[in-house]
Structure formats: C-alpha cells, structure tokens
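*Asks:* can't give you the sequence, but here's the structure:
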Ligand code: NAD
Ligand code: DAU
C-alpha cells in the first residue's frame, strides 16, 4: 500500500510514520511536510532511509495532485495545531487547515484515492466541569478558537466532498495527545522541559480545566483501525478515558521528576479557554474493536518524561524561542 502522510514531520504524524514502519513494513510511505516551526526531519530519524520525504505545502495544488496520483491512501495530519498561536495570528490556520484540506480533497476526488482526515475533539466546543456528558459523533459543532474553528471547517469540507462527489473519506476527532516528539509549546512537554531547566511550570488560570489525555500511539493505532475497517463517510471519535485537570497533571510531572508538587506558577489565562473536553469512544471500540494500550496515564507520563530527559538534543533548539514567545503573552499571577 502506498501511503501519503501529510504533516509527517510533526508530533502525531511522525509517530504515525514510526508506528507504521514497525507494524506494516510493506507500506510505502511518502511524507509531505512544509517544515514549519512545528516540523523537523529529526522526528523521522531512524526511518528516513525507508521513506520518501517531500518538503512542500498541502495548499500547493500542483504538488498535491502529483503526490496523490501516486498514492493508495492519504492520511492528512498537516495543520497549524496550537490554540495560543491561532489567537496571535489566525491567517496560517486558515491557509493550511482550510485551503490545504480543499487542495487534498480535490486531488483525492480526481484520482479516486482513499482519504483519512485527522481532526480534533475541540470542534465540539467545551463541557462544564460538573456535566456528566461526553462528546459523541452526534454532538453539534461549536468551536471556540480560530484553531478549532478552522479544524471544524475542514471537517465540514470533507463531509461535503463525501456527499457531493462520493469521495472515499473517513474523519477522526481525537482528544489531547501526549508522548515523544511533541513540540515544547504544548502543555506537557513545556512543563517537563521547564522542570529539566529548573524553571517553574506555568499553569493557565485556575488550572482546573480538564483535558482527556491519550497516548499518541493509541491515537495512531485507532487511525489504522479506521483506515482498514472504518465505514466510508463516517466519523469516529478517538479517546482513551483519560480525563485529568491541568493542576493534577502539573503536580504529577513535578513529583515524578523529584520536585515539590506545589512548585509551579499560575500565569495569565488563555482568552476563551475551553473548560473541559471528554470523549465517548464507544463507536470506535464497539464497531472496530479498537482498544488503547496505554490505560494508566501515570505510566505513559513517566515514559514521556524519560523520553524528554534522554532526547534533549531534539527539543533544545526550539525551547528558547518558544519561551520568548510565551513571555510576551503571559505574566505570572501567583
Ligand atoms: P504539529 O504542529 O506537531 O505538526 C504539524 C505538522 O504539519 C508539522 O510537521 C508542520 O511542519 C506541518 N505543516 C504545517 N502546515 C503545513 C502545510 N501548509 N503543508 C504541509 N505541512 C504543514 O501537530 P500535531 O499535534 O502533530 O497535530 C497533527 C494533527 O492532529 C492536526 O491536524 C491536529 O489538528 C490533529 N490533532 C492533534 C491533537 C493533539 O493533541 N496534538 C489532538 C487531536 C487532533
Ligand atoms: O483536544 C485536542 C487538542 O489538544 C488538539 O486539537 C490541539 O492541536 C492540541 O494542541 C491540544 O489543544 P489544547 O489547547 O488542549 O493543548 P495545550 O497543550 O495547548 O494545552 C492543554 C491545556 O493546558 C489547556 O487547558 C491549556 C493548558 N496550558 C497550556 C500550556 C501550553 C497551561 O496551563 N499551561 C501551558 O503552559
């Protein structure tokens, strides 16, 4: 099978490439990635000789058309992915997340190629902390940020191309991923690398916001289940029952790394900060028989901490620039 992976030099896409090399060695993988600030070919160390890497933009229609013509399946991870950046400058989010998706949809339509669209639970907006509900495939779209609204727009485009043109597409909406090779702008790697640098972790607002954590390998095993067994035109929610509030996660990072649990700062809250995400993965589990491997968050977190400790050369080049950007947006409040 010839697999075109967009965004394969980013966090989830690179882990998808590593997992696919391990579990499906016959797959011929081509990565298309623009190598923005969030992508690095160092994330493909160890597999680079076994894949084809193309540096380019998913919004480049001619390039995309050529690559899709030579593929059996397209897995579209490429995106501008960080909420805080979308608040500072929404334009790259519109260009990549919306226009880039149309470019891929037009190419898979023309060449009749199977397409899997990677999306996020953030398209559903947020839940109250005391609401027992979780998101399902039937939850109405209600995105809050420029990032999540461009992802919602891209999902709707996929649905329209399925209905109007019969494109062979599936969509997955996953909760918050953690694991190796995640950019240090994101919550968990930012705090782990802060602790390594003897800097106090930074918690937005009251720290009670809840995210539903899933290990990146579990996300990617679900993506393969959907590619292989999912029904065309369907959406599948991916989650692993991993709800934790941010304060608990910061305290767990600190204590696992040998520090005092209270050794962190509260900083300026994110504008429009979603309160809680929670996924009901019943459809994925019952229809496709998918099960996560990482069922204990503390074990997955400890393994992730060890990865950042052992791979400082991977994250060090991005750390100072990231913290300088945050320093302009956030002040320590207590
Ligand atoms: P990331 O920011 O780590 O990686 C994105 C990759 O896309 C980078 O390698 C970047 O260079 C590339 N890219 C950006 N713009 C591009 C363009 N125009 N053309 C080609 N390549 C481009 O993101 P991630 O966290 O790995 O997220 C991957 C996908 O998964 C995104 O679609 C995101 O919305 C979705 N998602 C992420 C999470 C999460 O917790 N991180 C959860 C659910 C869904
Ligand atoms: O839910 C899936 C989404 O998860 C994906 O679609 C996004 O691509 C991904 O970035 C992630 O979005 P979040 O905004 O939830 O992730 P982030 O890592 O930015 O923040 C997680 C939580 O931690 C959130 O409540 C904000 C908070 N936070 C974040 C940072 C960077 C802090 O308290 N301190 C921080 O320094």
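*Replies:* Everything's here; your move. Treat the numbers as computed from the prediction; the structure is a model and nothing was measured. Ligands and ions are numbered 1, 2, ... in the order given.
*Asks:* Give me the nearest residue to the residue in the stretch 1-150 of the chain that ligand 2 sits nearest to, chain neighbours excluded.
*Replies:* For the stretch 1-150 of the chain and ligand 2, the shortest gap (Cβ to the nearest ligand atom) falls at residue 120, measuring 3.1 Å. All C-beta atoms are positioned from the backbone trio N, CA, C, and that covers glycine. Counting by Cβ to Cβ, 6 or more residues apart in numbering, residue 151 is the residue found nearest to residue 120 once chain neighbours are left out, at 5.2 Å.
*Asks:* what does the stretch 151-300 of the chain put close to ligand 1?
*Replies:* Within the stretch 151-300 of the chain, the positions near ligand 1 by Cβ under 6 Å from any ligand atom are 151, 174, 176-177, 183.
*Asks:* can I get these in JSON lines with pLDDT?
*Replies:* Written out in JSON lines, the entries for those read as follows (pLDDT from 0 to 100):
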{"residue": "151", "pLDDT": "98"}
{"residue": "174", "pLDDT": "98"}
{"residue": "176", "pLDDT": "98"}
{"residue": "177", "pLDDT": "98"}
{"residue": "183", "pLDDT": "98"}
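*Asks:* ok, back up a step: correct me, but the residue nearest to residue 120 touches residue 141?
*Replies:* No: applying Cβ atoms under 8 Å, one finds residue 151 not in contact with residue 141, separated by 9.8 Å.
*Asks:* Pull up the overlap in contacts between those two.
*Replies:* Any residue near both residue 151 and residue 141 by Cβ atoms under 8 Å, 6 or more residues apart in numbering counts here, and that gives residue 123.
*Asks:* Compare those two (neighbour count), which wins?
*Replies:* Comparing residue 151 with residue 141 by neighbour count (other Cβ atoms under 10 Å), the higher total belongs to residue 151, at 29 against 14.
*Asks:* what about the nearest residue in space to residue 126 that is not next to it in sequence, how many residues close to it?
*Replies:* In space, residue 126 comes closest to residue 274 once its chain neighbours are excluded; the distance is 3.7 Å by Cβ to Cβ, 6+ apart. Residue 274 is surrounded by 20 other residues when neighbours are defined as other Cβ under 10 Å.
*Asks:* picking that back up, and the pLDDT at the residue of the stretch 1-150 of the chain closest to ligand 2?
*Replies:* According to the model's per-residue confidence, residue 120 sits at a pLDDT of 98.
*Asks:* unless I'm mixing things up, it is touching residue 154, no?
*Replies:* No: distance between residue 120 and residue 154: 9.9 Å, which falls outside the contact criterion (Cβ under 8 Å).
*Asks:* follow-up on the earlier one: tell me the secondary structure at the residue nearest to residue 120.
*Replies:* Counting by DSSP: H, G, I helix; E, B strand; the rest coil, the backbone at residue 151 sits in helix.
*Asks:* now it: how far from residue 12?
*Replies:* When distance is defined by Cβ to Cβ, to the nearest Å, residue 151 is 13 Å away from residue 12.
*Asks:* can you check residue 307 too?
*Replies:* With distances taken as Cβ to Cβ, residue 307 is found 15 Å from residue 12.
*Asks:* the more surrounded of these two?
*Replies:* Summary of the neighbour comparison: residue 307 and residue 12, criterion other Cβ under 10 Å, with residue 12 having more neighbours (23 against 17).
*Asks:* Please settle this for me: is the more buried one part of a strand?
*Replies:* No: the assignment for residue 12, made by three-state DSSP, is helix rather than a strand.
*Asks:* Let the chain start at 209 from now.
*Replies:* Sure thing, new numbering starts at 209, so read that last one as residue 220.
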